[in-house]
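Asker: sequence and predicted model, in that order:
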Amino acid sequence: MNTPASMANPIHRTRLAMWRRQHAWCLRDSLRQLARRPLGSALTIAVMGLALALPLAFLLLLVNVQHLATALGNSQSVNVFLKTDVTADGAAKLADSLRARADVAAVTLRTPQQGLAELAAIQGFGAAVQSLPDNPLPFALLVEPGTGTSRVQVESLVAAVRALPQVDLVQDNGAWRARLDALVGLGRTVAVILAVLLAAAAVLVIGNTVRLDIRSRANEIAVQQLVGASAAFVRRPYLYEGAWYGLAAGVVAVLLVLLLEAVLAAPVRDLVTSYAGRLHFGGLSWVTLVIALAIAVALGWLGAWIASSRQLARLRP
């Protein structure tokens with residue numbers, strides 16, 4: 001005699017098999033619908049792919065701007081140039097006094113000879129340096145603010161150092177870095193706004209395409225509803241259709257970004273060479289590209305769900 005538990009397993013397996021067959025049929029049907037109108041499907045995919053490629057290209061630009069900022073100076077270091085009459089002992093004493101400050105992490109003393117050697121190493125300056133009768137460079141101090149020092153505290157440190165009688169010039173490297181960080185932050189905000197607007201446009205494109213498809217198949221849908229098909233069953237092929245649109249558009253967007261990286265490879269290589277390899281430029285990671293594909297599929301599904309829900313509600317007998 002069969003027990004309730006033994007009867008439940010075959011029923012569960014039957015329902016699971018039926019669910020899998022339904023989804024497989026919807027998957028094939030949605031692909032057939034895309035293949036029935038190749039030109040229209042290609043145009044929809046191209047428009048959505050371009051819309052998704054724009055924020056990815058902007059993100060690529062921001063990533064490489066951050067790499068540029070890191071290569072050219074990631075700290076808030078302060079260059080202090082002393083007057084030419086300051087001796088080595090005077091420069092060493094000044095460096096010791098600055099190291100004693102609570103807002104200073106380290107102070108590096110650079111002699112005029114070191115400065116001249118660095119200048120001679122720069123391409124195009126070697127001959128000019130050799131023609132100098134004597135060394136015109138003063139002692140210099142590289143002051144590194146303490147970890148966690150705010151921008152306001154660094155500005156206070158710069159003002160205090162600038163007021164010292166031995167100091168001739170103070171160059172605050174953190175000032176341009178702060179401006180660059182603000183610019184990158186603005187770029188991120190613009191990228192987010194652009195991505196949201198283009199994502200909404202992609203949803204509308206997919207929604208309009210699915211809406212037109214539902215209207216063209218109104219008689220078929222009416223027959224399905226008359227024989228008792230559920231709303232979820234009728235809607236499912238269109239959800240798969242939107243997901244297919246999203247996946248194809250995501251692939252187009254990723255390919256466009258990879259093509260952009262390939263086009264920029266040669267100019268970037270020349271720029272890196274001119275900076276003796278100190279610059280580092282790179283493309284978007286594969287994780288980012290996979291996430292972009294997933295977002296594209298989700299946008300396609302969302303557009304199809306919105307359109308199909310409204311249209312099927314109107315066609316319900």
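Answerer: Ah, there it is. Residues are numbered from 1 along each chain as shown.
Asker: can you give me the strands for the chain?
Answerer: Listed in chain order, the strands of the chain (DSSP state E) span 78-82, 104-110, 140-145, 167-172.
Asker: now mean neighbour count and mean pLDDT too, for these, in a markdown table please.
Answerer: Using the backbone N, CA and C atoms, a C-beta is placed for each residue, glycine as well. Output for the strands of the chain, formatted as a markdown table (neighbours: other C-beta atoms under 10 Å; pLDDT from 0 to 100):
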| stretch | mean neighbour count | mean pLDDT |
| --- | --- | --- |
| strand 78-82 | 21 | 89 |
| strand 104-110 | 16 | 89 |
| strand 140-145 | 20 | 88 |
| strand 167-172 | 16 | 87 |
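Asker: and the ones you listed as TSV, adding distance to Ala160?
Answerer: Converted to TSV, these look like this (distance: least, C-beta to C-beta, whole Å):
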stretch	distance to Ala160
strand 78-82	11
strand 104-110	10
strand 140-145	11
strand 167-172	10
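Asker: out of the ones you listed, which gets nearest to Val257?
Answerer: Nearest of these to Val257, taken as C-beta to C-beta: strand 167-172 at 36.7 Å.
Asker: quick one: contacts of the closest one?
Answerer: 76, 78-84, 138, 154-155, 158, 161-162 (C-beta atoms under 8 Å, 6 or more residues apart in numbering).
Asker: what is the burial count for Phe58?
Answerer: By other C-beta atoms under 10 Å, 17 other residues sit near Phe58.
Asker: OK, contacts around it?
Answerer: Listed by C-beta under 8 Å, 6+ apart, the contact partners of Phe58 are Gly187, Val190, Ala191, Leu194.
Asker: can you pick the most crowded of the residues you listed?
Answerer: Most surrounded of the contacts of Phe58: other C-beta under 10 Å gives Ala191, at 18 neighbours.
Asker: so that residue makes contact with Leu60?
Answerer: No - here Ala191 does not reach Leu60: they are 10.2 Å apart, not a contact under C-beta atoms under 8 Å.
Asker: was I right about Arg215 contacting Ser308?
Answerer: No - using C-beta under 8 Å, Arg215 makes no contact with Ser308, being 11.2 Å away.
Asker: distance of Val86 relative to Leu59?
Answerer: 48 Å (C-beta to C-beta, to the nearest Å).
Asker: Arg215 and Ser308: which is more packed in?
Answerer: Ser308 (25 against 12).
Asker: burial count for Leu61?
Answerer: A count of nearby residues for Leu61, using other C-beta under 10 Å, gives 13.
Asker: ok, and the closest non-adjacent residue to it?
Answerer: Nearest-residue entry for Leu61: Gly187, 7.5 Å, with adjacent residues in sequence omitted and distances by C-beta to C-beta, 6 or more residues apart in numbering.
Asker: next: Leu164.
Answerer: The spatially closest residue to Leu164, leaving aside those adjacent along the chain, is Leu94, at 7.1 Å (C-beta to C-beta, 6+ apart).
Asker: got it, and Leu109?
Answerer: Distances taken as C-beta to C-beta, 6+ apart place Ala95 nearest to Leu109, at 4.9 Å, with adjacent residues excluded.
Asker: burial of that neighbour, as a residue count?
Answerer: Ala95 sits with 20 neighbouring residues when counted by other C-beta under 10 Å.
Asker: same thing with Leu204?
Answerer: Leu204 sits with 13 neighbouring residues when counted by other C-beta under 10 Å.
Asker: what does the pLDDT read for it?
Answerer: On the pLDDT scale, Leu204 is placed at 89.
Asker: again with Asp134
Answerer: 69.
Asker: Ala100 too?
Answerer: Looking at Ala100, its pLDDT reads 90.
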